[in-house]
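In: Attaching a predicted model along with its sequence, questions to come.
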Amino acid sequence: MAKKLMVNITWHMHQPFYWNEKKGVFDFPWVRFHATKDYLFMAKLVEKFPSLRVTFNFAPCLLRQFQLYLEGEEDLVMKLAKKKASAISEEDKKLIKEKFFIVSSPRTYEKWPRFAELKEKPWESFTSQDLLDLQVLYQLIWFDPLWREENPVGRELWERGRNYREEDKEKIWKATEEIFKDIFACYRRLLEKRQIEISFSPLYHPILPLLINTDVAREANPSTILPHRFSFPEDAREQINKGKDFSQDIWGSDIMGMWPSEGAVSEEAIYLAIQEGVKWLATGEEILFRSLGKKKETAWQELYLPHVWAKDGKEIAVFFRDTGLSDLIGFSYQHFPPQEAVKDFMNHLRAIREALPEDKPYLVNIILDGENAWEYYVDNGLPFITSLYQTLSESEEFVTTTPLEYLGNFSHLPQISRIVPGSWICGNLNTWIGHPEKNWAWEELRRVRELWDREKEYLSKGERERIQDLIYQAEGSDWFWWLGDDNPSSQKESFRQHFLYLIHSVLRALAKGEKECIKEKF
């Protein structure tokens, strides 16, 4: 039996870059909504347990959007909510009807009965008060329970539940601005106390192995249907370099660890990370067992040790995500009573501890999305997370740590000579390539990227930087994620249109006709 089993919890915070330069607005509200519901909330919960150690991974493009909101930029939903309900146009009413009922979990309607009532009410019967209540409620449902409990304004607005006034909107906007400011302040406090480690993802959250060479997808899954080759390893390097630099500027400290977008790795991508000064990264357990050429049933202990991969005399530590435990939190425990979920989780940890020998510094890595799961939980996960943190903090069997803290204490780690390409999802890359719609996006991206290579020398430095940034945005993973039939969403076409906006913007900047390279259809 292992003595005290170490546990690393890494919460990954990410939203794609929604800013639309042409319109001067964020096309989607999800950065703001998760800021008021999750990002500050998650930091405050850690702050309540001083002995706890947690890792937070922030995509740099998310942090940049925090800054833009603090600079006064707005999303489309925010602009619609600010309009006076009694004087709103029919066109804007249609947009409100389309956009103000997008929620993921039925728990939202259970918690907010007036919102559920408005959802069922015939639109043609809406009064100005109904519209005003919807404008306010669709913002309030995206605030975390701590804000509703601890903030007098939040408590009063929640308890009232209906019959809102125009002046209530100003209270929401003021609270939103304060939360964005507090996000930076709270995480910096936790960093100063060394209670958390912050890691980063590449700048606009691209799938690094596919930027280097899309043909790699067939190594991960030989049946993958490939588009024409997209191969720009220099873009992958810059996405790492710029992401790391931006993150360090934000947090004011060295950032040594990286969660490659979606845990997607290849040896070429890892070597680029090493060259850019990354000391550790993480990926899925599927990559470990495929790389070792072993089955989990016989080599499961390997999962609980980071492995060192080296090339040209340089090395990096690779941590592997426990799929089962991470997915229990991400997808299963929302269906459990909170205390039962924590008890079950601790029993799983206990079984691992009892099965491991004492001879090595074993570590369990729990790595998952830190924002999207909680709307499916009771009270945004507050009872579950609080109980989990308290149980871990008081445990005599387990101790929480972070990757950098772990590496500072343990240096003699197993070597791994080969790392196969893939991601945390099924160990392959098919979530982002292979389907005709996904391949369509790669074809359009390749055409403008090759055009950019031919034209960039004729542009000024400022023009080059702007266009290159648009291309980096278009390389983001999310535009490919939502295409195809594996991740159905009512917003799929909106995501596709944002991707096309980026492609069109590059063409306009290069003074090329938009139809020259672009196929609007799949």
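Out: Cool, got the structure.

In: Determine the next helix or strand in the C-terminal direction from the helix or strand harbouring Asp249.
Out: Using DSSP states H and E, the element containing Asp249 is helix 233-251. For helix 233-251, the following helix or strand on the C-terminal side (DSSP H and E) is strand 257-258.

In: if we look at that following strand, which residues are touching it?
Out: Identification of contacts with strand 257-258 by CB atoms under 8 Å, 6 or more residues apart in numbering yields 55, 57, 197, 199-202, 240, 244, 273, 278-282, 403-404. C-beta here means a position set from N, CA and C on the backbone, and glycine is covered the same way.

In: Please work out the average pLDDT along that strand.
Out: What strand 257-258 shows for mean pLDDT is 98.

In: helix/strand/coil for the residue nearest to Ile172 when sequence neighbours are not counted?
Out: Spatial nearest neighbour of Ile172, excluding adjacent residues (CB to CB, 6 or more residues apart in numbering): Gln139 at 5.0 Å. Secondary structure assignment for Gln139 (DSSP: H, G, I helix; E, B strand; the rest coil): helix.

In: Could you check how far Gln139 is from Glu73?
Out: Going from Gln139 to Glu73 by CB to CB, to the nearest Å gives 16 Å.

In: cool, and Arg290?
Out: Noted for Arg290: a distance of 43 Å to Glu73, by CB to CB.

In: and those two? which has more neighbours close in?
Out: Arg290 (18 against 14; other CB atoms under 10 Å).

In: Which strands and helices lie in contact with whatever helix or strand that one lives in?
Out: Arg290 belongs to helix 285-292 when assigned by DSSP H and E. Contacting helix 285-292 under the criterion 3 or more CB pairs under 8 Å, 6 or more residues apart in numbering; DSSP states H and E are the following elements: helix 296-299, strand 314-321.

In: Touching that helix from outside, list them.
Out: 263, 265, 295-296, 299, 302-303, 307, 320-323, 416, 418-420, 422-424, 426-427.

In: quick one, that helix and strand 314-321 angle?
Out: 130 degrees (axes from the mean of the first three to the mean of the last three CA atoms, to 10 degrees).

In: residues touching the residue nearest to Ile172, list them.
Out: By CB under 8 Å, 6+ apart, the contact set of Gln139 is 36, 81, 169, 172, 176.

In: Could you pull up the contacting residues of the first one?
Out: Meaning Thr36. Shown in contact with Thr36 (CB under 8 Å, 6+ apart): 139, 142-144, 147, 175-176, 179.

In: from the middle of its chain, how far away would stretch 47-64 be?
Out: 12 Å (CA atoms, centre = their mean, to the nearest Å).

In: do the same with stretch 12-29
Out: Distance of stretch 12-29 from its chain centroid, counting by CA atoms, centre = their mean, is 13 Å.

In: again, but for stretch 203-213
Out: 15 Å.

In: ditto for stretch 401-417
Out: Put simply, stretch 401-417 sits 25 Å off its chain's centre (CA atoms, centre = their mean).

In: give the contact list for Ile419.
Out: Each residue near Ile419 by CB under 8 Å, 6+ apart is listed here: 265-267, 270, 287, 291, 309, 318.

In: ranges for the helices of the stretch 251-400 of the chain?
Out: 267-275, 285-292, 296-299, 323-327, 338-355, 382-394 (DSSP state H, counting those that start in this stretch).

In: The stretch 51-200 of the chain now?
Out: For the stretch 51-200 of the chain, the helices defined by DSSP H, counting those that start in this stretch occupy 60-70, 76-82, 90-99, 107-111, 113-120, 128-140, 145-150, 152-160, 166-192.

In: Show me the domain layout of the protein.
Out: Under the assignment automatic domain parsing, the domains of the chain span 71-183, 436-516.

In: what's in contact with stretch 187-198?
Out: Outside stretch 187-198, the residues that touch it by CB under 8 Å, 6+ apart are 43, 46-47, 50, 52-58, 247, 251-253, 255, 257, 402-405.

In: list the buried ones in that stretch?
Out: 187-188, 190-191, 195-198 (16 or more other CB atoms under 10 Å).

In: With just CA atoms, put it into PDB.
Out: C-alpha atoms of stretch 187-198 as PDB (Å, rounded to 0.1, in the frame of the first residue of the first chain):
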ATOM      1  CA  TYR A 187      -5.900  33.900  -8.600                       C
ATOM      2  CA  ARG A 188      -2.900  36.100  -8.000                       C
ATOM      3  CA  ARG A 189      -3.500  35.800  -4.300                       C
ATOM      4  CA  LEU A 190      -3.600  32.100  -4.500                       C
ATOM      5  CA  LEU A 191      -0.400  32.100  -6.500                       C
ATOM      6  CA  GLU A 192       1.400  34.300  -4.000                       C
ATOM      7  CA  LYS A 193       0.300  31.800  -1.200                       C
ATOM      8  CA  ARG A 194       1.600  29.000  -3.400                       C
ATOM      9  CA  GLN A 195      -1.700  27.300  -3.000                       C
ATOM     10  CA  ILE A 196      -2.200  26.900  -6.700                       C
ATOM     11  CA  GLU A 197      -0.100  26.400  -9.800                       C
ATOM     12  CA  ILE A 198      -1.200  28.000 -13.100                       C
END
